[in-house]
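Participant: Sharing a model prediction with you, sequence too.
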Amino acid sequence: MRVTDAAHRGVSNLTETDTMNRKTLMSAALAAMLLAGGAAQAESDRDQDRSAADVKVTLQQAIEAAEKHTGGKAREAELEHEDGRAVYEVKVLADGAASKVYVSASDGRILTVNDERKERSDD
């Protein structure tokens, strides 16, 4: 019986050690993920700060530029930060067709116009 007890204790200790190793490994992996996520967020914040400094066009000016370009009426607009630059996305309705007009927040240029019907059919 003693041999069985000793063998059982040995297996028990091995299992406890394995459990401790797994917990340590999982803790290290969690810490690494948190650090990586924090670094990515910091980079994103720096990009937004840089692009926010470039904003020279007001939301109203971007809406007016989009409406003039399409001949329509804006129904929604927001400032976005894409690829390190600030861009207004203005949703416009003209002649029953909805479009997204992207306006540079630094100089008011029309960057692109996307027909929303075409976007939906591409999905």
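Facilitator: Received, thanks.

Participant: Every contact and neighbour count from this point should use C-alpha atoms.
Facilitator: OK.

Participant: can you give me the strands for this protein?
Facilitator: Ranges of strands within the chain are 73-82, 85-94, 97-104, 110-115, based on DSSP state E.

Participant: Can you give me the neighbour number for the closest residue to Val92 other than its chain neighbours?
Facilitator: Distance criterion Cα to Cα, 6 or more residues apart in numbering; nearest residue to Val92, sequence neighbours excluded, is Ala74 at 4.2 Å. Ala74 is flanked by 20 other residues according to other Cα atoms under 10 Å.

Participant: Is Ala74 in contact with Leu93, as I believe?
Facilitator: Yes - contact status for Ala74 versus Leu93: in contact at 6.3 Å, counting by Cα atoms under 8 Å.

Participant: how far away is Leu93 from Asp54?
Facilitator: 28 Å (Cα to Cα, to the nearest Å).

Participant: Next: Ser106.
Facilitator: Taken as Cα to Cα, the span from Ser106 to Asp54 is 5 Å.

Participant: go on, Arg22?
Facilitator: In this structure, Arg22 and Asp54 are 48 Å apart, going by Cα to Cα.

Participant: Before I go, just wanted to say thanks for your time.
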